[in-house]
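> Here is my input, please return the structure:
(chains A and B)
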Amino acid sequence: MLITTLAIAGLLIAYIQYAPLYPRHAYLSGWVLFAAMLFLTFFNLRKRVPFLRVGSTGFWLQLHLYVGIFSGALFFVHIGWSWPAGIFHQLLALIYLVVFVTGVLGLWISRAFPRMLTVAGYETPFERIPYARSSLRQEAEALVLAGVDGQTSPVIAEFYHQKLGMFFMRPSNRWAHLRQSRAPQAAHVSQFDEVQRYAKKGEGEMLDKLRDLVTRKHMLDYQYALQSALRLWLFAHIPLSYSLLVFSVLHIILVHAFSGSAS
Amino acid sequence: MAKSDNNLASITRQAARPKRWDDPLDPAMSDATLDMLMATEPFASMNAAAFPAATPLREILRADTAVREYAAGEIVLRKDDYGTSAFLVLDGEVDVVLRPDIDPQLLGRAPSVKKSLLGRLAQLWNNNPEPEGWSKRSPRAGDNIKGSINKDRGSVYLQDYPQIISNAQTVALKKGQLFGEISALSRMPRTATVVASTKQTRLLEFSWEGLRDIMRYDPALKAQIDRTYRSNSLKNFLRHHPLFSHLDESGYVRLCEEAQLENFGEYNWSGSYLRLAKDGDPTTSANEPLIVREGEYSNGIYMISAGFCRVSQKYGSGERTLNYIGAGGVFGHEEIANHWKNPQQEPHSLYTLRSLGYSHLIFIPTASLEKYANREMSESDFPSSPVPESMLKPAESRLSEGASAPSASLMEFMAEHRFFNGTKSMVIDMDRCTRCDDCVRACASTHDGNPRFLRHGPMIDNLMIANACMHCVDPVCMIGCPTGAIHRTSFGGEVVINPATCIGCGTCAANCPYDSIRMVEVRSNQGEFLVDEEFQPILKATKCDLCVEQKSGPACLNACPHDALSRTDLTHVTSIAQWLKRK
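Next comes the predicted model:
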């Protein structure tokens, strides 16, 4: 990280000192930026060949991060600290910024979310979450159906139908979980307290079991929300990285094709 | 009273009580065969009256032996296999192959070949598109190796056996001779390959329980086996120990005569462990045989020859685990050494020692120690304490002070799940793991598109021990493989399965206490499930092989971008603590 900071500082000093003297400095910064982008894209290829002895993926990720941060400074030097003109160049700059920002966001998510997931408990592999959800729903439905025997009050069945049916059916409260909000759990607690008032005495045990299932579903939803985020940011970062490369190649061709008239 | 009887009847159901004889080695053992055995040596000379009424010799033979017939060239035992049986030659002869060893591939082992650079790169496009595709080879073992399969037992016999052993040094065992008993009783790997050398060789196979019971009531057999053990295995074991390395040959002989051999726990402990784990309480004190209790007068030292023991100390109303020690570990010498330095100080045991699963121990009485142990040896040569100094510090300060010792809860977790058996356990730091499954994909990419582990398993705090083969010190999975398909590699010692000779019996998967072996239904390249003539799916056992074919080592380890995954040797408590301290 120290090397990256020094490299960025050196770049900025060089830009301030020498940019006025060399009007075509954008060619140099552009080619270096393109090389950096190629290198950054190479990280994804490295991950596909874990059987080659070319350094650990952890080491490559560190390089990816440092070169990525450096490329941010280089990008601003390249565009001369002003938003480019023309739709093509604006689109190119926008794609770069989205790739950069999703990268930084991904870095934060990758550092912060694993610990949150571990602390929250109920660790479930992402692919098994639908199965775990379905099991919870079946358990909850069996519990409620067992109570619908004509002798118990219809309060719990109604409560399940109105408040919990959809909750058990699908992932819920994704944004609340991402914000670390406890509001959905708190809402269910107060709903359960309310139902408790109208339930018969013997139904307390069933309500406790249902309450436990709801708590587990919240934990499962939490796992789903955070594990989804840990995967989804890559769906923006990686495809856009390839788009960026394609646009960059077009940009290079255009610049060199018209460089004669430009100079 | 009648009412309570009715209540009892409503909540109970009568069932036959399980008995010692319920699961005989050979359910088809006939009375005629038993008559023949009772008239054969060494059973004919045994004093049947010495056996208790509950376990008569005839019933032991009925339950714990089986007469097996072998063709010439059929492999009876393979070198380095683990097994629970001993054999007695009834008719014919067997050859013990001493040196050179028979080509491992002929014995059903996988060839030890590393992939070339091109071969590794080809994994990018050459992997089978179907899961568990099986088109490159025949699923029949006999079609893949230079041998054949015995249909009844699934064992391998060597074609052209005389040619194979023409240059080998062998020892012929004839009628009445016993073999395989030491490794069966001491849980050591077989030391040599044994092959039937005559047509219709008849052997009597003993389960280790049967052998143990006969030894208990027949002093002659016990003396014979004891003699063999003491003159071979025990002498070698003690010879390499610094306490006795100064002795001459006669000293070793006398020491071996005075040493006592003790076994604790259930031999095939994985079965009982899995049952107890299912009930949710695998490691209560009652399930762990007591060897030495803290505070007892110390009569000698225990040297662990095989298996694992837990060292604990009283804490509150329970026992706190301080360490677990495996083969080569010594317990009780500290107390004796202190007594030597200060004769006023009585040697009372500082800790409690319990057997975790099965353990085979050598007990050296204090009197023998005083005669044979090297009392002048330097501090550095003295056996290390069964409890590292760092483990004696208060649990809270162990890691914070930079000591290389894990927390008390981690120790209990490791003992509860028996993870101390693993030399290459997959430990994941869940505070770093982004659940990206790059490790799983990497594993699949090096195993024809099929991952060989589950990124899931028991957790404590931020640590997960994933369901991946741990390449155990005591590989219980290797007990009972009929074709020797599961074996250790000769170079790195990794436990691997040769898919060509695996017959899909599932013995290894059932034995593995860690659920790390999966039986898979193999398919053709077109995705059709391969089935036999009875439309039963053809199975193969699969597990992590630590990427033995890859020069780069385990792909999972190389693939983790967040340094969250490690293949850790959990046989030493300090290794996991050191890995945790890396941050």
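> The helix of greatest length in chain A packs against which elements?
Taking DSSP state H as the assignment, the helix of chain A that covers the most residues is helix A:204-257. If contacts are counted by 3 or more C-beta pairs under 8 Å, 6 or more residues apart in numbering or on different chains; DSSP states H and E, helix A:204-257 sits against helix A:25-47, helix A:87-120, helix A:129-147, helix A:155-159, helix A:165-169, helix A:174-178, helix A:183-198. Quick note: C-beta positions are derived from backbone N, CA and C, even for glycine.
> what's near enough to touch A:Leu107?
A:Leu65 (C-beta atoms under 8 Å, 6 or more residues apart in numbering or on different chains).
> Okay, domains of the chain per the record?
Reading this off chain A. A:2-120+A:237-262, A:126-227 (automatic domain parsing).
> my bad, chain B
B:261-387, B:406-580.
> how much does the longest helix of chain A deviate in direction from helix A:25-47?
140 degrees (axes from the mean of the first three to the mean of the last three C-alpha atoms, to 10 degrees).
> Tell me what angle helix A:204-257 forms with helix A:183-198.
Using the same axes, to 10 degrees: helix A:204-257 against helix A:183-198 is 160 degrees.
> Quick one: mean pLDDT over helix A:204-257.
The average pLDDT within helix A:204-257 is 94.
> Just give me how far it sits from the chain centre.
In terms of C-alpha atoms, centre = their mean, to the nearest Å, the centre of helix A:204-257 is set 4 Å apart from its chain centre.
> just stretch A:136-153 next, same as before
38 Å.
> Just the CA trace of that stretch, in CSV.
Extracted as CSV, the C-alpha positions of stretch A:136-153 are listed here (Å, rounded to 0.1, in the frame of the first residue of the first chain):
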residue,chain,number,x,y,z
LEU,A,136,-38.3,-23.8,7.4
ARG,A,137,-41.6,-23.0,5.5
GLN,A,138,-42.7,-26.7,5.6
GLU,A,139,-41.9,-26.8,9.3
ALA,A,140,-43.9,-23.7,10.0
GLU,A,141,-46.8,-24.8,7.9
ALA,A,142,-46.9,-28.2,9.5
LEU,A,143,-46.9,-26.5,12.9
VAL,A,144,-49.8,-24.2,12.0
LEU,A,145,-51.8,-26.9,10.2
ALA,A,146,-51.5,-29.2,13.2
GLY,A,147,-53.2,-26.5,15.3
VAL,A,148,-56.1,-26.1,12.9
ASP,A,149,-58.3,-28.8,14.4
GLY,A,150,-61.5,-26.8,15.1
GLN,A,151,-60.8,-26.6,18.8
THR,A,152,-58.0,-24.1,18.8
SER,A,153,-58.5,-20.4,18.1
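> Buried ones in that stretch, by neighbour count?
A:Leu136, A:Arg137, A:Glu139, A:Ala140, A:Leu143, A:Val144, A:Gly147, A:Thr152 (16 or more other C-beta atoms under 10 Å in any protein chain shown).
> Next, work out how far apart B:Leu90 and chain A are.
51 Å (C-beta to the nearest C-beta, to the nearest Å).
> any idea how far B:His240 lies from B:Leu361?
16 Å (C-beta to C-beta, to the nearest Å).
> now do A:Leu74
67 Å.
> cool, A:Ser190 as well?
61 Å.
> Neighbour count: the two, which is higher?
B:Leu361 (22 against 9; other C-beta atoms under 10 Å in any protein chain shown).
> and the more buried one, what does it touch?
B:Leu361 touches B:Leu261, B:Glu262, B:Asn263, B:Phe264, B:Ile291, B:Tyr302, B:Met303, B:Ile304, B:Ser305, B:Cys309, counting by C-beta under 8 Å, 6+ apart.
> From B:Asn47, how far out is the residue nearest to B:Asn467 when sequence neighbours are not counted?
In space, and not counting its chain neighbours, B:Asn467 is closest to B:Leu454: 4.0 Å by C-beta to C-beta, 6 or more residues apart in numbering or on different chains. Using C-beta to C-beta, we find B:Leu454 at a distance of 54 Å from B:Asn47.
> now swap in A:Met219 and tell me
For A:Met219 relative to B:Asn47 (C-beta to C-beta), the value is 66 Å.
> For B:Ser231, which non-adjacent residue is spatially closest?
Closest to B:Ser231 by C-beta to C-beta, 6+ apart is B:Cys256, at 7.3 Å.
> number of nearby residues for that neighbour?
Neighbours of B:Cys256 under the rule other C-beta under 10 Å: 21.
> quick one: which helix or strand includes it?
Under the criterion of DSSP states H and E, B:Cys256 resides in helix B:249-258.
> Outside of that helix itself, list whatever touches it.
Here helix B:249-258 has contacts from B:230-231, B:234-235, B:238-239, B:244, B:247, B:364-365, B:367-368, B:371-372, using C-beta under 8 Å, 6+ apart.
> and that helix, average pLDDT?
Mean pLDDT, computed over helix B:249-258, is 86.
> Just after that helix, pick out the following helix or strand.
Criterion used, DSSP H and E; the element after helix B:249-258 is strand B:260-264.
> partners of that following strand, with directions?
Within its sheet, and counting by DSSP bridges, strand B:260-264 is paired with strand B:352-365 (antiparallel).
> Please identify the buried residues of the strand it pairs with?
B:352-364.
> Closest to B:Arg62 out of the residues you listed?
Taking C-beta to C-beta as the measure, B:Arg62 sits nearest to B:Tyr358 out of the buried residues of strand B:352-365, at 25.0 Å.
> Please work out how many residues are found near the nearest residue to that closest one once chain neighbours are set aside.
Counting by C-beta to C-beta, 6+ apart, B:Gly265 is the residue found nearest to B:Tyr358 once chain neighbours are left out, at 4.3 Å. Counted with other C-beta under 10 Å, the neighbours of B:Gly265 add up to 21.
> got it, and A:Pro154?
The burial count for A:Pro154: 12, using other C-beta under 10 Å.
> Kindly provide the distance from it to chain B.
33 Å.
> show me the residues around that residue that make contact.
A:Val148.
> pLDDT value on it, please?
A:Pro154 is given a pLDDT of 77.
> quick one: the strands in the stretch 401-550 of chain B?
Taking DSSP state E, counting those that start in this stretch to define them, one finds strands in the stretch 401-550 of chain B at B:425-429, B:459-460, B:463-465, B:486-488, B:495-497, B:518-521, B:539-542.
> Give me the contact list for stretch B:332-349.
In contact with stretch B:332-349 (C-beta under 8 Å, 6+ apart) are residues B:243, B:292-298, B:300-302, B:350, B:353, B:366, B:369, B:375, B:382-383, B:385-386.
> What's the end-to-end length of that stretch?
7 Å (C-alpha to C-alpha, to the nearest Å).
> mean confidence score for that stretch?
84.
> got a list of contacts for the helix or strand that contains A:Phe70?
Taking DSSP H and E as the criterion, the element that holds A:Phe70 is helix A:57-78. For helix A:57-78, the surrounding residues in contact (C-beta under 8 Å, 6+ apart) are A:1, A:3-4, A:7-8, A:11-12, A:15, A:19, A:26, A:29-30, A:32-33, A:36-37, A:39-40, A:43, A:46-47, A:50, A:93, A:96, A:100, A:103, A:107, B:438, B:558-563.
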